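In: Sequence plus the predicted model coming up.
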Amino acid sequence: MSTRIQLEDIQAARERIAPYIIPLQITESPSLSKQFSSNILLAHEYLQTTGAFKLRGAMNSVLQLEPGTTGVTAVSTGNHGRALAYSAQQAGVPCIICMSELVPRNKLEAIRTLGAETRIIGKSQDEAEVEARRLVSEEGYTMIPPFDHAQVIAGQGTLGLEMLDQEPDMDTVLVQLSGGGLISGIALAIKSQKPEVRIVGISMERGCAMAASQKAGKPIEVEELPTLADSLGGGIGLDNQLTFDIVHDTVDEIVLLSETEIADGIRHAYFKEQVILEGGGAVGIAALLAGKVTPGAKTIVLLSGKNIDMELHHKIINGEGH
Ligand SMILES: *Cc1c(COP(=O)(O)O)cnc(C)c1O
């Protein structure tokens, strides 16, 4: 097991971020428990401020900036960008989120509402990335990446500690998998105390770079395709430092889902659990419904985020398109 992030780092993160974090709520799903004749628990992390777990890692990083740092920056208008903007605002640290001209207006507004400065550069993510690097090299900003970063991973790992505290006899955890910061943190937190707990990573068939990389034995790139689970898109970095190895060492299974299966997860969450989830947030439920994961005696299904375009959600609920 990777020794670069220790249980103590995750425990320290938990204390550090506690004043800013909504504790994890776990409830039983009567409908899933009945359907699978086992105990299935939902972990409602979409209730987190900014609508996703990414606040934990971002907050843990912002609270440990080197003295003399001008501020923080990132190239993300998704859940990481929101989380970093909010964390910086809470800590009173300047934050610039760099993005391309193609970013939709509502995403830009969401970041601005959270108090961050937005810098719109060029027509691609790559050009925005160049500006973020310039802020680092010329203006003393610190770049906080979305997953391949020890403080981010330790922050996400606090979820694993909360799960274990509340449900010490859980035997299976279903966790979203994209860059792998979330599952790395959770797996390290849980397996360093209870190595027998099974950790299942769940992603989409359309462009899961981590799954393809694990299969290849090294970080590789895959084509990015549009998916309902948009927060699970993107590469893992060809120079991946941490999450490729941690996922290799700690994740027991990786399951990939079709778009129809993901839509079924969103619909189940809405009609049976009365919860609005984004595609990425719903993949744990979707994997169970698709029969791609056999639940244990006590399974925790992480619901990681809710930031979906509500017009899209409406269409999915009405069975249009998926
Ligand atoms: C980022 C994100 C994930 C995946 O997290 P990784 O650390 O990249 O694996 C899952 N769900 C939601 C809602 C996210 O925003």
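Out: Yep, that arrived.
In: and stretch 236-251, is it in reach of the ligand?
Out: No - under the criterion of C-beta under 6 Å from any ligand atom, the ligand is not reached by stretch 236-251; the shortest gap measures 7.3 Å. (Glycine included, C-beta is placed from N, CA and C.)
In: for that stretch, the distance to its chain's centre please.
Out: Offset of stretch 236-251 from its chain centre (C-alpha atoms, centre = their mean, to the nearest Å): 15 Å.
In: Just the buried residues of that stretch, please?
Out: Applying a neighbour-count criterion of 16 or more other C-beta atoms under 10 Å, the buried positions in stretch 236-251 are 236, 237, 240, 242, 243, 244, 245, 246, 247, 250, 251.
In: Equivalent analysis for stretch 137-145, please.
Out: Applying a neighbour-count criterion of 16+ other C-beta under 10 Å, one finds 141, 142, 143, 144, 145 buried in stretch 137-145.
In: Same list, these, but as a markdown table with pLDDT please.
Out: What follows is the buried residues of stretch 137-145, written out as a markdown table (pLDDT from 0 to 100):
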| residue | pLDDT |
| --- | --- |
| 141 | 98 |
| 142 | 98 |
| 143 | 97 |
| 144 | 97 |
| 145 | 96 |
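In: Identify those among those residues that sit within strands.
Out: Secondary structure assignment (DSSP state E) places 141, 142, 143 from the buried residues of stretch 137-145 within strands.
In: OK, contacts around the last one?
Out: When contacts are counted by C-beta atoms under 8 Å, 6 or more residues apart in numbering, residue 143 is found next to 72, 73, 74, 132, 133, 135, 136.
In: Quickly list what the closest residue to the ligand within the stretch 201-322 of the chain is bridged to.
Out: When distances are taken as C-beta to the nearest ligand atom, the stretch 201-322 of the chain approaches the ligand most closely through residue 305, which lies 2.5 Å from it. Counting by DSSP bridges, residue 305 is bridged to residue 52.
In: still on that earlier bit, which pair of the buried residues of stretch 236-251 spans the longest distance?
Out: Taking every pair in the buried residues of stretch 236-251 and measuring C-beta to C-beta, the maximum separation is 18.6 Å, between 237 and 250.
In: How much space separates the residue nearest in space to the middle of the chain from residue 137?
Out: With the centre of the chain defined as its mean C-alpha position, the nearest residue by C-alpha atoms, centre = their mean is residue 182, 5.2 Å away. As defined by C-beta to C-beta, to the nearest Å, residue 182 lies at a distance of 29 Å from residue 137.
In: Over to residue 29?
Out: 49 Å.
In: show me where the stretch 201-322 of the chain has strands.
Out: Secondary structure of the stretch 201-322 of the chain, counting by DSSP state E, counting those that start in this stretch: strands at 253-257, 298-303.
In: Show me what the strand or helix carrying residue 90 is packed against.
Out: Here residue 90 is covered by helix 79-91, with elements defined by DSSP states H and E. Applying 3 or more C-beta pairs under 8 Å, 6 or more residues apart in numbering; DSSP states H and E, we find helix 79-91 packed against helix 54-62, strand 71-74, strand 95-99, helix 105-113.
In: Ok, which of the ones you listed comes nearest the ligand?
Out: Ranking those by their distance to the ligand (criterion: C-beta to the nearest ligand atom) puts helix 54-62 first, at 5.4 Å.
In: what about that closest one and the ligand, any contact?
Out: Yes - using C-beta under 6 Å from any ligand atom, we find that helix 54-62 touches the ligand at residue 54.
In: Please point out which parts of the lowest-mean-pLDDT helix or strand in the chain sit buried.
Out: For the chain, scoring each helix and strand by mean pLDDT, DSSP states H and E identifies helix 105-113 as the least confident one, at a mean of 90. Within helix 105-113, the residues that qualify as buried are 107, 108, 110, 111, counting by 16+ other C-beta under 10 Å.
In: That's all I had, so thanks and see you.
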